[in-house]
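S.K.: 3D, please:
(one chain, ligands or ions: 1)
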Amino acid sequence: MGTIKVIHISDLHYSPQNLIESDRCTGYSIQYAESAKPDLFIISGDATDHRIDVHSEAAKALIGRVKQASNIAPVILLQGTFSHEPKGTLKSIAHCQGKHPIFVADKLQQIIFTKEGNFIGSSDEHFTEKDQDLLFNAKSVITAIPVLNQAEIAAKVGTGRDIQYEMRQYILEYIKNSQKFIAMAKEADIPTLGISHGTVYQSITEHGFLMTKDHEFMPEDMFDTGCSAFLLGHIHRHQYWTNDQGQIAAYPGSIGCFHFGDDDPKGFLEWNISSIRAEFKFIQTPAQLKKTVTFNSEPDLKVLEELRDFEGELRIQYLVNEENLQCVDRVKIESMLPNAEITYDQRIVKIHRSRAEGISLENDLASKLEHWSKATGEKIDNLQSKLILLQEKSVQEIVRESLSPA
Ligand SMILES: [Mn+2]
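M.R.: Residues are numbered from 1 along each chain as shown. The predicted model follows:
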């Protein structure tokens, strides 16, 4: 039975800020690939975090890594989110090709991965029956669904409609039209895989949010292609879907950790894919995790004590009264957490002296007292009448009147 081994990494987010993290983790995946000897190496989008300068260390490092990968196996670079990976970025990177070819998947397209390790992209969005002969020399058939340019889709379907809805319809139509060639490949015992950068309905982000809006796919949409495996990018948390047909769709998650609150293990996938089923292994990278602990008052040492083995960046958020500032013992905290790189997010609660706004506009003392009472919520009961008494009469008069029977 024909099988294909793929190393699948995603969301590298190279940038000057992420350079150390991106490169340590990407480097780890390439080192792994050197001994795993995959047939194919796939980067499923967001290789960069944003537009980066060609002369930057980040660009140099990324290009070096892609070149290393292409010395191990043929590489596919899939277009990710345009704000992270501006159009054209991947085409430039692809020029660094090593021993094996690099294919840029930046449009809806089917790709034949040949037995010699070359790529043949469909000239249209899909292959058709006319292309059947290509299957004789195919090691795998790949169906690419990269991030699509909304403007291009709008130009095709017409403007003035709900573009999110139209995009989804367009992709569903594409999936329907892809099925035929995928079925032909399966019939010929050729492994089939889909690659996409997008949101699956009810996927969970690295911050624990359930994605129920703006999704490109339902899990069944991906399985409807007929592909044994669906290799995803975009969501930074590793997760997968499977069905009783042996089909699997999976996000490796981001290769490293790029946000506070993202403290799940980070890694990549090693796939084994046949014409009828797929399986993957998750391999953890040495990511520097970024954890946040939040206290509604001063840091609780008992809670921090439980994190004594935590390795990575730890942000401690807390609230402290101004007069208790000295009580937060950072030296002690840092000695309790020897492997954490700690930053503090300290909010100070100021000693608050309330004033009664508008009190100066009141004409007399009794009105000022009433105003103060309303502003502060303090009860004044019959103090007001006594204040008037004090202002109008002498102490002797007040005492005499109080003592004499009414
Ligand atoms: Mn990403």
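S.K.: all strands for the stretch 251-400 of the chain, in order.
M.R.: 267-274, 278-284, 289-294, 312-321, 340-349 (DSSP state E, counting those that start in this stretch).
S.K.: hey, which of the ones you listed is tucked in deepest?
M.R.: strand 267-274 (a mean of 23; mean count of other CB atoms under 10 Å). Bear in mind the C-beta positions are built from the backbone N, C-alpha and C, glycine included.
S.K.: Point to the residue nearest the middle of this structure.
M.R.: Centroid-nearest residue in the chain, with CA atoms, centre = their mean: H236, separated by 4.2 Å.
S.K.: quick one: it is in a strand?
M.R.: No: H236 is assigned coil when assessed by DSSP: H, G, I helix; E, B strand; the rest coil, not a strand.
S.K.: residue contacts, it?
M.R.: When contacts are counted by CB atoms under 8 Å, 6 or more residues apart in numbering, H236 touches D11, T205, E206, G253, S254, F258, H259, D262.
S.K.: cool, and A73?
M.R.: A73 touches I7, A33, K37, P38, D39, L40, F41, H100, G117, counting by CB under 8 Å, 6+ apart.
S.K.: Look up the pLDDT of the residue of the stretch 301-406 of the chain found nearest the ion for me, please.
M.R.: Using CB to the ion, E313 is the residue of the stretch 301-406 of the chain that sits closest to the ion, at 19.0 Å. Note for E313: predicted pLDDT of 88.
S.K.: what sits opposite it in the beta ladder?
M.R.: K290, E341 (DSSP bridges).
S.K.: Begin at 30, not 1, for the rest of this chat.
M.R.: Shifting the count to begin at 30 puts that one at E342.
S.K.: thinking it is in contact with L318, fair?
M.R.: Yes: using CB atoms under 8 Å, E342 is in contact with L318, at 7.2 Å.
S.K.: Between the contacts of H265, which sits nearest T405?
M.R.: Closest approach between the contacts of H265 and T405, by CB to CB: H288, at 43.6 Å.
S.K.: P434 versus that closest one, what's the distance?
M.R.: 79 Å (CB to CB, to the nearest Å).
S.K.: Looking only at neighbour counts, state which of those two leads.
M.R.: Taking neighbours as other CB atoms under 10 Å, H288 and P434 compare with H288 leading, 14 against 3.
S.K.: Enumerate the residues of the chain near the ion.
M.R.: Neighbours of the ion within the chain, by CB under 5 Å from the ion: D40, D75.
S.K.: what bits of the chain have low per-residue confidence?
M.R.: Along the chain, segments meeting pLDDT under 70 span 188-189, 381-383, 435.
S.K.: and the longest helix for it?
M.R.: Counting residues, the longest helix in the chain under DSSP state H turns out to be helix 192-216.
S.K.: gap between that helix and the chain center?
M.R.: Helix 192-216 has its C-alpha centroid displaced from the chain centroid by 26 Å (CA atoms, centre = their mean, to the nearest Å).
S.K.: Following the chain past it, name the next helix or strand.
M.R.: Heading C-terminal from helix 192-216, the first helix or strand you meet, by DSSP states H and E, is strand 221-226.
S.K.: So which residues of the chain form helices?
M.R.: Under the criterion DSSP H, the chain contains helices at 48-65, 86-101, 118-122, 179-186, 192-216, 248-253, 330-334, 359-365, 394-405, 412-421, 424-432.
S.K.: Of those, give the one that comes closest to K295.
M.R.: helix 48-65 (6.6 Å).
S.K.: got the angle between that closest one and strand 341-350?
M.R.: Per axes from the mean of the first three to the mean of the last three CA atoms, to 10 degrees, the angle that helix 48-65 makes with strand 341-350 is 150 degrees.
S.K.: Now helix 48-65: buried residues?
M.R.: Neighbour counts over helix 48-65 (16 or more other CB atoms under 10 Å) mark 48, 50-52, 54-59, 61-62, 65 as buried.
S.K.: which of those residues sit farthest apart?
M.R.: Once CB to CB is applied, those give L48 and A65 as the farthest pair, at 25.2 Å.
S.K.: And the closest residue to L318 other than its chain neighbours, how far from R80?
M.R.: Excluding the flanking residues, the one nearest L318 by CB to CB, 6 or more residues apart in numbering is G341, at 3.6 Å. Using CB to CB, G341 is found at 28 Å from R80.
S.K.: do S225 as well
M.R.: Taking CB to CB, one finds S225 at 23 Å from R80.
S.K.: of these two, who's got more company?
M.R.: Using other CB under 10 Å as the criterion, S225 and R80 rank with S225 on top: 26 against 12.
S.K.: Give the bridge partners for that one, please.
M.R.: Applying DSSP bridges, one finds that S225 bridges with I174, L261.
S.K.: what about it, distance to I174?
M.R.: 4 Å.
S.K.: residues touching the residue nearest to T323 when sequence neighbours are not counted, list them.
M.R.: Using CB to CB, 6+ apart and skipping the chain neighbours, the partner closest in space to T323 is Q346 (4.4 Å). By CB under 8 Å, 6+ apart, the residues touching Q346 are T321, V322, T323, F324, D374, R376.
S.K.: Those residues into TSV, with extra columns for distance to S152?
M.R.: Shown next, in TSV, are the contacts of Q346 (distance: CB to CB, whole Å):
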residue	distance to S152
T321	50
V322	55
T323	54
F324	60
D374	54
R376	59
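S.K.: Of those, which is the nearest to L164?
M.R.: Using CB to CB, the contacts of Q346 come closest to L164 at T321, 51.3 Å.
S.K.: what's the distance between Q274 and I49?
M.R.: From Q274 across to I49, the span is 42 Å (CB to CB).
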